[in-house]
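Q: Here is a sequence with its predicted model. Questions after.
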Amino acid sequence: MPLSVHSHSGEFCKHGDGALDAMVARAAAMGFESYGLSEHMPRQELNELYPEESGMTPADLSKQFDDYVAKARCLQREYEGRLEIFVGMETEYCTARSLAAAKELFATHALDYMVGSVHHVGGIPIDFSEELIQRARV
């Protein structure tokens, strides 16, 4: 049984690809029985945003996340009986405050699951360049 629980659409994540509904349709066409949607949770501070999110604010990310959950819940209802869709999020551990924010989002949106991730070490985003990885190692 094919299963995926870590996915990003280009609609709600700049390093994803395509619209959320197209991604779900493709998963159904490929024979997935269960599929997890896990867009990134919004970061709380400007310095935590990814380079690809330049021009955005934490408030923009929060609105984008709310829009994602709303659309994902619609897709969950649309595909009921054909594809089991889990609506979740990928966590963002930037600081200790991130944990409280993740718990709050999980409860507020009654999410089905979380993907735990560390994309920042010592306040430095480590996913974007070798230079940043080296800075985080010091």
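A: Structure received. Numbers count the residues shown, from 1 in each chain.

Q: Which helix or which strand is home to L75?
A: helix 58-78 (DSSP states H and E).

Q: just M56 next, same as before
A: Using DSSP H and E, no helix or strand contains M56.

Q: Got the confidence number for it?
A: You'll see M56 listed with a pLDDT of 94.

Q: thought it was touching L49?
A: Yes - with contacts counted by Cβ atoms under 8 Å, M56 reaches L49, the gap being 6.3 Å. Every residue, glycine included, has its C-beta placed from N, CA and C.

Q: Between those two, point out the one with more neighbours.
A: L49 (20 against 17; other Cβ atoms under 10 Å).

Q: Against P125, how distant is that one?
A: 9 Å (Cβ to Cβ, to the nearest Å).

Q: R77 too?
A: 35 Å.

Q: mind checking how far the helix or strand where K103 lies is from the chain centre?
A: Assigned by DSSP H and E, K103 belongs to helix 96-108. Mean-position distance between helix 96-108 and its chain equals 14 Å (Cα atoms, centre = their mean, to the nearest Å).

Q: per-residue confidence averaged over that helix?
A: Taken as a whole, helix 96-108 has an average pLDDT of 92.

Q: So which elements touch the helix or strand just after it?
A: Proceeding N to C from helix 96-108, the next assigned helix or strand is strand 113-115, under DSSP H and E. Packing partners of strand 113-115 (3 or more Cβ pairs under 8 Å, 6 or more residues apart in numbering; DSSP states H and E): strand 34-40, strand 84-90.

Q: and the first one, which residues are buried?
A: Taking 16 or more other Cβ atoms under 10 Å as the neighbour-count basis, strand 34-40 is seen to contain the buried residues 35-40.

Q: roughly how far apart are the residue lying closest to V69 once chain neighbours are set aside and M41?
A: Leaving aside its chain neighbours, V69 sits nearest to H109 (4.8 Å; criterion: Cβ to Cβ, 6 or more residues apart in numbering). Here the distance between H109 and M41 works out to 10 Å (Cβ to Cβ).

Q: Many thanks, have a good one.
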